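Visitor: this one's sequence-less:
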């Protein structure tokens, strides 16, 4: 077995992508190495579920959120 080291952020992103596609991490990585093969497409209902899951961990936007909040650091 070969070991490839990646930082935690990359590992988490790879795991999330594999889960989103309904694949094991090993199968997802293997799919990336197949010559001429595109990775499997995203399952949209599963993608929506993952986004909802991620949103549960984020704080809500302020009630008065506006364009000014986005561009406050420049004109």
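Guide: Perfect, thanks for sending it. Predicted model, so just to flag it, every value in this text is computed and none were measured. Residues are numbered from 1 along each chain as shown.
Visitor: Show me what the helix or strand containing residue 31 is packed up against.
Guide: Residue 31 belongs to helix 25-33 when assigned by DSSP states H and E. In terms of contacts (3 or more C-beta pairs under 8 Å, 6 or more residues apart in numbering; DSSP states H and E), helix 25-33 is packed against helix 8-20. All C-beta atoms are positioned from the backbone trio N, CA, C, and that covers glycine.
Visitor: Next, the buried residues of the helix it packs on.
Guide: For helix 8-20, a neighbour-count test (16 or more other C-beta atoms under 10 Å) marks 17, 18, 20 as buried.
Visitor: export the residues you listed to CSV and tack on pLDDT and distance to residue 3?
Guide: CSV is the format used below for the buried residues of helix 8-20 (pLDDT from 0 to 100; distance: C-beta to C-beta, whole Å):
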residue, pLDDT, distance to residue 3
17, 88, 20
18, 89, 18
20, 84, 24
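Visitor: Those into CSV, with extra columns for distance to residue 73?
Guide: Shown next, in CSV, are the buried residues of helix 8-20 (distance: C-beta to C-beta, whole Å):
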residue, distance to residue 73
17, 31
18, 36
20, 32
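Visitor: Out of these, which comes closest to residue 41?
Guide: Within the buried residues of helix 8-20, proximity to residue 41 (C-beta to C-beta) peaks at residue 20, which comes in at 10.5 Å.
Visitor: was I right about that closest one contacting residue 46?
Guide: Yes - the criterion here is C-beta atoms under 8 Å, and residue 20 meets it with residue 46 at 5.7 Å.
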